[in-house]
Each structure stands twice: as structure tokens, then as C-alpha cells.
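*Asks:* here is the input, now give the coordinates:
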Amino acid sequence: MRGTPLECAHCFVHLPAMLSPTSVKDALNRTAPLAPIMVQGWVRTRRDSKDFSFIELNDGSSLRNLQIIASNSLSNYAAVQRLITGASVSVRGELVASQGKGQNWEVVADEVTIVGASDDSYPLQKKGHTPEFLREIAHLRPRSNLFSCVFRVRSRLAFAIHQFFQERGFYYIHTPIITGSDCEGAGELFRVTAIDCKNPPRQASGDIDYAKDFFGRSTYLTVSGQLEAEAFASALSKVYTFGPTFRAENSNTSRHANEFWMIEPEMAFTDLNGNMDLAEEIVKYLIRDVREKCPEELGLFAKFVDKELLDRLDFVLERSFQRTTYTEAIELLKKSGEKFEFPVECGLNLQSEHERWLTEKHFKCPVTVFNYPKEIKPFYMRLNDDDKTVTAMDLLVPGIGEIVGGSQREERLEVLEANMRRHKMDPADYKWYLDLRRYGTVPHSGFGLGFERMLMFVTGVANIRDVIPFARTPGSAEF
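*Replies:* Residues are numbered from 1 along each chain as shown. As a prediction, the model looks like this:
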């Protein structure tokens, strides 16, 4: 019945529509006054003058607060004067041009309804807080300026990822979280089991009999949706996944987490060059989108997190990506004269310090390194004609290092089987994956873009724990 006429025999009685709340962001961006208006949110600060209280209200939609003017004529003014930081309120009144400096609009309140009180133990007072402290209160840190900005950008970036692929004819697919495959072959897997750990079924050898587990086999949290995405690319041509992935890697660095999100496109009829083209295109697209859609948030990051952020983002947008082979990159690093913590040797993976030297000191632009030694890459990458390297590629950016990793996949059945045996894998365990090479195989490529790595790059935030709502790292699974 909301907002509709109530019909009777002799007349129409119009019931008033309920007043829908306006977000703080929309209120601040209006071009004309509005009455009545309802806003809801949390009190950032309150100060009192002789006849008025001034409340700074924030609902998470904007970095800026909306000022509420509550006069002593309000029936519950005594309660309003007791409001403290963290309390939630609903305000009805009139949006008018502000008489104060630094703001265009304010709300003169007709009603202030206290929805939820707060008390002096509220940990987010009006002062600076370190990221380390805020990690300890991850359930409250989105109310801080820094983290509200981070998570608004995270939301926008996720939307832009879908927009990028949908505009280019890709289909979004959902790949399993629980899997029997170790895509990367590194063995850093979280086991998923329903077996009673106090009384597990055992084989004659004494080993746990996982054939009696819930799925009738060993299963794990996925490290990648790539293999399943390849199956769908072999039918729909262009697909992508975007979801959580897991690594049981005991690494306590600022760049690693045990649960993180990955964007993984797979494309049929596409070689390594086409793969590198797409990776470079999406990185620029995402930077451009955040630059355009999140100016307020980027302004805060540039002021308080990384003063060089905006210059670095524009630097990447304005310059072409450089491409170099792994062998060439190793030679450049060896000749650099730099003293690195980790050794530079052909046959070893590039470390973050090596990647940053290439992007920040040598090429002075983003770099795509390709054709890595086959010994340091997974089984599914296509073997080059030199029989020494595979069609792998890593896209490196200043300040972060690797942000994208991918390859052309091995489409030749016999070569793929040989790769599996070389990696001490049993091809029988991957029959379905090999079938893709038996029935209409095609050259195909794909990559993984670390969502949190991309967030770190566009925000300047240096620790991955600060771009994930509730971080999962070794020894830490609170909240």
C-alpha cells in the first residue's frame, strides 16, 4: 500500500509515502536544497554551542562527513548532547546551503533518532591510528577514513573487472572452491576433509584411507580455477573466473596471504602475444577506471599513504609496456652492479627486488618478462621449440613487482603427458584435462591477476593485510 491511494466508496485518501534515506554522498553532491531529507549513519564527532549541537555524520558512502545541526528545540536534545563517536543515528530535516567553510551543504534537523548508542570504550576516536592497531579491530576499521576508502576502491575495482571482460565478449564462469587438482604443482594446499581426526580410517599400510572420505578421494581448497576455465574456454572460447584462491604457504611477507582473490581469463585460439596484450590492456583499464571513478579516495591515499601514487599511476597509463625475455632480464640484472639480497642466476625465479629494479631503475616503466626456464614453471605451460623454455609471462609494475602471471597452455597431448611425467604427476589423475587435447585441441592462453596486488598498486597501500577485509595469514584467522 506504500504511496498508493486507499480507495473507499465515496473518496480517495492518499497515504504519504515513507521517506527513503539519502546517502551522505548523494546529499553532498546535490545541486539544490532538499526538504524533507532523511540521512542515517554513524557519529564521527559532536560539538556543542549555546543553542545548537553540530554532528559530523558518515555512512560509509563518502570520505567526507555531512554536518547535522541539531537545535535545543528538539524534544530529545538532552540525549543528543550525550551522543559520542561511534553512535548510530537517523536524522530527518532539511538540506540547506552551509554557512560554514569547506562544505556546501548541511542538514538542519527536525528529528534526531538515536538508533544505537556507543560508549567511551569505542576504539576509533578522533586521532591517528596505525594500520597495525587497526588490523586488531578489523571489524571496526572500515569506519576509519583510510579503510573506508580502501574498501570503496576494492568494490569499484571488482566492478571494473567484470565490466572489462563483459565488454570484450568474455563469459563469467564459477570454478570449484573444493578440488582434487593441484594446478600449480607446488603442494601448498589446504586439505578439505570430513574424516574424524581422532579415529581416521586406515589402509593396510597404516596411511589414512582418503577413499573413505566425504568425496571418496583427497580434496583441497583451490589454488586456481585455471584448469576448469580451460575446459570452458574449449567450448565458449573466451571465459574468466574471479574468485577466492588459497595457498598453504607459511610466508609472513607484506605481499602474501593464504586466502586471496584471483582474476583468471582463458582464451581459445590465442597465443602468448595475444595473452600479453590482454594482460597489459586490463592493467591500464583498471588504473584508468579507478583514476576516474575514485578521485576522493585516491586523493587521500596520495596525501597520507604514498605521495608518489598519482604520478606512478599516470606514469603507467602514459607509457607503453616494455617486453623482455627472462634470459635478457637475467643478463641485465647481472650487469646492473646492484647488490641484491637474493642471487641472480639463470634457472632461478625472479624475486621482488629483481622485478622492481627492472621496472623502477632500468626500464622505468612496466615490464612483461616472458619465456622462462621450463624447470621453474608448472606442467601446463607450452614448451618452446628450444626445449629449454616455456611460454610463460609475468607482468611487472613499479612499486609492486609481479602483478600478473600467465602462459600459453600446452595444447599438444603427447607433450603435455611428457610434462606431467617430468613433474612426477600421474596423467591418469588428469584424464579429463587431457581429453581437452584429444577432442578438438586448440592453442590457448590465460593468466592470473592478483586482485589484492592490483589493489595495492592503485592505492599505494604497502601491506596485503590492509586491502583484504579479514586477512588470512599464518597464525591469524580472527574474525
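
*Asks:* flag every buried residue along stretch 319-329.
*Replies:* 321-324, 326, 329 (16 or more other C-beta atoms under 10 Å). Every C-beta, even on glycine, is put in place using the N, C-alpha and C of the backbone.

*Asks:* please disregard the earlier target; I meant stretch 63-71.
*Replies:* Neighbour-count burial for stretch 63-71 [16+ other C-beta under 10 Å]: 63-70.

*Asks:* pull the CA atoms of that stretch into PDB?
*Replies:* Provided in PDB are the C-alpha atoms of stretch 63-71 (Å, rounded to 0.1, in the frame of the first residue of the first chain):
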ATOM      1  CA  LEU A  63      35.100  10.200   2.600                       C
ATOM      2  CA  ARG A  64      33.500  13.500   3.600                       C
ATOM      3  CA  ASN A  65      31.100  13.900   6.500                       C
ATOM      4  CA  LEU A  66      27.800  15.600   6.400                       C
ATOM      5  CA  GLN A  67      27.200  18.200   9.100                       C
ATOM      6  CA  ILE A  68      24.000  18.000  11.100                       C
ATOM      7  CA  ILE A  69      22.700  21.000  13.000                       C
ATOM      8  CA  ALA A  70      20.600  19.900  16.000                       C
ATOM      9  CA  SER A  71      18.900  22.800  17.900                       C
END
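
*Asks:* quick one: Ala392 and Leu309, what's the gap?
*Replies:* To Leu309, Ala392 is 30 Å away according to C-beta to C-beta, to the nearest Å.

*Asks:* compare the two (neighbour count), which wins?
*Replies:* Using other C-beta atoms under 10 Å, the more surrounded residue of Ala392 and Leu309 is Ala392, with 24 against 20.

*Asks:* ok, that one - contacts?
*Replies:* Contact analysis of Ala392 by C-beta atoms under 8 Å, 6 or more residues apart in numbering lists 326, 370-372, 377, 381, 405-407.

*Asks:* where along the stretch 301-450 of the chain do the helices fall?
*Replies:* 309-318, 326-335, 352-356, 413-422, 431-438 (DSSP state H, counting those that start in this stretch).

*Asks:* could you say what helices and strands the first one packs with?
*Replies:* Counting contacts by 3 or more C-beta pairs under 8 Å, 6 or more residues apart in numbering; DSSP states H and E, helix 309-318 is packed against helix 272-293, helix 295-304.

*Asks:* and that helix, what's buried?
*Replies:* Those would be 309-310, 312-313, 316, for helix 309-318 by 16+ other C-beta under 10 Å.

*Asks:* return the member of those nearest to Gly399.
*Replies:* Arg312 (6.1 Å; C-beta to C-beta).

*Asks:* thinking the closest one is in contact with Pro398, fair?
*Replies:* Yes: at 5.9 Å, Arg312 and Pro398 qualify as touching, with contact defined as C-beta atoms under 8 Å.

*Asks:* and Thr368, what is it in contact with?
*Replies:* Thr368 neighbours (C-beta under 8 Å, 6+ apart): 276, 279-280, 321-324, 393-396.

*Asks:* mind doing that once more with 6 Å?
*Replies:* Neighbouring residues of Thr368 by C-beta atoms under 6 Å, 6 or more residues apart in numbering: 276, 321, 323, 393, 395.

*Asks:* now render those residues as a markdown table, adding distance to Asp426 and pLDDT.
*Replies:* Below are the contacts of Thr368 laid out as a markdown table (distance: C-beta to C-beta, whole Å; pLDDT from 0 to 100):
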| residue | distance to Asp426 | pLDDT |
| --- | --- | --- |
| Met276 | 32 | 98 |
| Phe321 | 39 | 94 |
| Arg323 | 36 | 97 |
| Met393 | 28 | 97 |
| Leu395 | 33 | 96 |
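
*Asks:* now those as a markdown table including distance to Ala248?
*Replies:* As requested, these are exported to a markdown table (distance: C-beta to C-beta, whole Å):
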| residue | distance to Ala248 |
| --- | --- |
| Met276 | 30 |
| Phe321 | 33 |
| Arg323 | 33 |
| Met393 | 26 |
| Leu395 | 26 |
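
*Asks:* which two among those are spaced furthest apart?
*Replies:* Phe321 and Met393 (10.9 Å).

*Asks:* and Ala235, which of the helices of the stretch 301-450 of the chain is closest to it?
*Replies:* Ranking these by their distance to Ala235 (criterion: C-beta to C-beta) puts helix 431-438 first, at 9.6 Å.

*Asks:* and the helices and strands packed on helix 309-318, which is most packed in?
*Replies:* Mean neighbour count (mean count of other C-beta atoms under 10 Å) peaks for helix 272-293 among the helices and strands packed on helix 309-318, with a mean of 19.

*Asks:* re earlier: now, the contacts of Thr368 that are in strands?
*Replies:* Per DSSP state E, strands hold the following members of those: 323, 393, 395.

*Asks:* make a markdown table from those and add distance to Tyr172 to it.
*Replies:* Below are the ones in strands among the contacts of Thr368 laid out as a markdown table (distance: C-beta to C-beta, whole Å):
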| residue | distance to Tyr172 |
| --- | --- |
| Arg323 | 29 |
| Met393 | 23 |
| Leu395 | 22 |
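
*Asks:* closest to Ser234 among those?
*Replies:* The closest of the ones in strands among the contacts of Thr368, once distances to Ser234 are taken by C-beta to C-beta, is Met393, at 21.1 Å.

*Asks:* so what's that closest one bridging to?
*Replies:* Beta bridges link Met393 to Phe370, Gly406, judged by DSSP bridges.

*Asks:* let's see the lengthiest strand in the chain as CSV, backbone CA atoms only.
*Replies:* As assigned by DSSP E, the longest strand anywhere in the chain is strand 34-48. Extracted in CSV, the C-alpha atoms of strand 34-48 (Å, rounded to 0.1, in the frame of the first residue of the first chain):
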residue,chain,number,x,y,z
LEU,A,34,16.1,19.3,-0.4
ALA,A,35,13.3,19.1,2.2
PRO,A,36,12.4,16.8,3.7
ILE,A,37,15.5,14.6,3.7
MET,A,38,16.5,11.6,5.8
VAL,A,39,20.1,10.6,6.4
GLN,A,40,21.4,7.8,8.5
GLY,A,41,24.9,6.9,9.7
TRP,A,42,27.4,7.0,12.5
VAL,A,43,28.6,9.9,14.5
ARG,A,44,32.2,10.9,13.8
THR,A,45,32.2,13.9,16.2
ARG,A,46,29.8,16.1,18.1
ARG,A,47,30.5,19.6,19.4
ASP,A,48,28.1,21.9,21.2
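
*Asks:* pLDDT of that strand, averaged?
*Replies:* Strand 34-48 shows a mean pLDDT of 96.

*Asks:* now the buried residues of stretch 63-71 in CSV, with distance to Asn29?
*Replies:* Formatted as CSV, these follow (distance: C-beta to C-beta, whole Å):
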residue, distance to Asn29
Leu63, 13
Arg64, 10
Asn65, 14
Leu66, 11
Gln67, 15
Ile68, 17
Ile69, 19
Ala70, 23
